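*Asks:* could you work out the structure for the sequence below:
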Amino acid sequence: MPVELQDSQHPHLSLFVDGRKFLWDGCVFESYDEASSQAEAYKKDNFEVHLLQQGDKHLVYTRRTVKEIVVTAPQ
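*Replies:* Numbers count the residues shown, from 1 in each chain. A predicted model of the protein is given here:
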């Protein structure tokens with residue numbers, strides 16, 4: 001179950017891992033298992049996932065590479 005961090009412990013909205021930008025999903029998890037379960041759900045939706053422990057809380061950061069861009073002309 002996601003929990004709230006104290007003001008002094010707000011996670012960064014994004015982080016870079018190996019030169020790639022990941023965005024925080026906005027949830028804070030009490031346990032690694034909860035975070036890992038959410039990460040697996042993101043992986044099934046073709047996201048890359050990075051788990052981070054901050055103190056005794058666990059965070060999930062995700063990224064997805066755009067594979068196709070569709071541009072439509074204004075009508």
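*Asks:* so Y61 makes contact with K21?
*Replies:* No - using C-beta atoms under 8 Å, Y61 makes no contact with K21, being 9.2 Å away. From N, CA and C alone the C-beta is placed, and that goes for glycine too.
*Asks:* so what sits against both of those two?
*Replies:* Residues touching both Y61 and K21 by C-beta atoms under 8 Å, 6 or more residues apart in numbering: S14, L15.
*Asks:* so those two - more neighbours on which side?
*Replies:* Y61 (24 against 10; other C-beta atoms under 10 Å).
*Asks:* which element follows the helix or strand hosting V28 toward the C-terminus?
*Replies:* Assigned by DSSP states H and E, V28 belongs to strand 20-29. Scanning forward in sequence from strand 20-29 by DSSP H and E, the next helix or strand is helix 32-44.
*Asks:* for the residue nearest the centre of the chain, name its beta-bridge partners.
*Replies:* With distances taken as C-alpha atoms, centre = their mean, Y61 lies nearest the centre of the chain, 2.2 Å away. Using DSSP bridges, the bridge partners assigned to Y61 are W24, H50.
*Asks:* distance of it from H12?
*Replies:* Separation of Y61 from H12 (C-beta to C-beta, to the nearest Å): 9 Å.
*Asks:* and for the two, which residues touch both?
*Replies:* Common neighbours of Y61 and H12 (C-beta under 8 Å, 6+ apart) are W24.
*Asks:* got any ranges where this structure has weak pLDDT?
*Replies:* 1-9 (pLDDT under 70).
*Asks:* can you do 80?
*Replies:* Along the chain, the parts satisfying pLDDT under 80 run over 1-9, 75.
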